[in-house]
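Chemist: Turn this into a model:
(one chain, ligands or ions: 1)
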Amino acid sequence: MSSTIDSYKKSFKKYGVNPRALKWHSEKAAKQRYAQIVADIDFENKSILDVGCGFGDIIGFISAKTKYFNYTGMDAVGDFIKEARRRHPKQRFIIANFLEKPTSKKFDISIASGILNSNVEDNLNYRKKIIEKLFQRTKYALVFNMAGSHLQPRTKKISNVWFADSLEITEYCFTLTSKIILRNHYHKRDFTIVMFK
Ligand SMILES: C[S@@+](CC[C@H](N)C(=O)[O-])C[C@H]1O[C@@H](n2cnc3c(N)ncnc32)[C@H](O)[C@@H]1O
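Modeler: Here you go, the predicted structure:
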């Protein structure tokens, strides 16, 4: 896990304030994912925890459809939070590793965009563990995206990314709730899941 965080620290050193530091291929690729994250959720008057918030760029997508919301961004990389605070001075950000210090507070909505892509030890269980922990702390809806697909060649060989089977992940989510939206249509190798309480 810490190697995942270390790799983000390294990529910030290499790319600086740039979507590539967050390991997005481009700004367009990042925005394509944010549009999916916000599509099905009503954020009005809700508290929001954005785990692995990076530069907090999802905020623009939330505020475009929401008058009032209470946002908290969390990231383990201080340099990302510094830039997030500069870009969004009115929002709240904390430096923390969700796996080591998961917040005890519950939020109406939890967001996890881009934190479930890395190639780590025990990939499937790593993803399940984070989804479970996040959903436990969610009062209304959890939304996350992930690299992967179903019935597609699993990968071009990209060693730092692990491509999940979207059906396998969806089946796991169904063990936690029956209210699920799977968005599997916008990209060949990325999908988004919304889980409602
Ligand atoms: C691909 S970037 C996405 C950033 C942002 N969510 C976005 O969509 O633009 C993944 C982010 O998750 C953070 N991250 C990964 N695992 C984390 C953890 N366990 N706790 C806190 N942050 C984490 C990384 O530092 C990085 O900023």
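
Chemist: Can you name the residues of the chain that neighbour the ligand?
Modeler: Selection of the chain residues close to the ligand by Cβ under 6 Å from any ligand atom yields 4-5, 8, 22-23, 30, 51-54, 57, 74-77, 80, 97-99, 113-115. C-beta here means a position set from N, CA and C on the backbone, and glycine is covered the same way.

Chemist: Out of those, which sit inside helices?
Modeler: 4, 5, 8, 30, 80 (DSSP state H).

Chemist: Show me which of those are buried.
Modeler: Neighbour-count burial (16 or more other Cβ atoms under 10 Å) is assigned, among those, to 4, 5, 8, 30, 80.

Chemist: how about TSV for the residues you listed, with pLDDT added?
Modeler: Formatted as TSV, those follow (pLDDT from 0 to 100):
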residue	pLDDT
4	87
5	93
8	94
30	96
80	97
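
Chemist: just the helices in the protein please.
Modeler: 2-15, 27-39, 58-63, 78-87, 123-136, 166-174.

Chemist: Now do the fourth one: which elements does it pack against?
Modeler: The elements that helix 78-87 packs onto, with contact taken as 3 or more Cβ pairs under 8 Å, 6 or more residues apart in numbering; DSSP states H and E, are helix 2-15, strand 69-75, strand 92-95.
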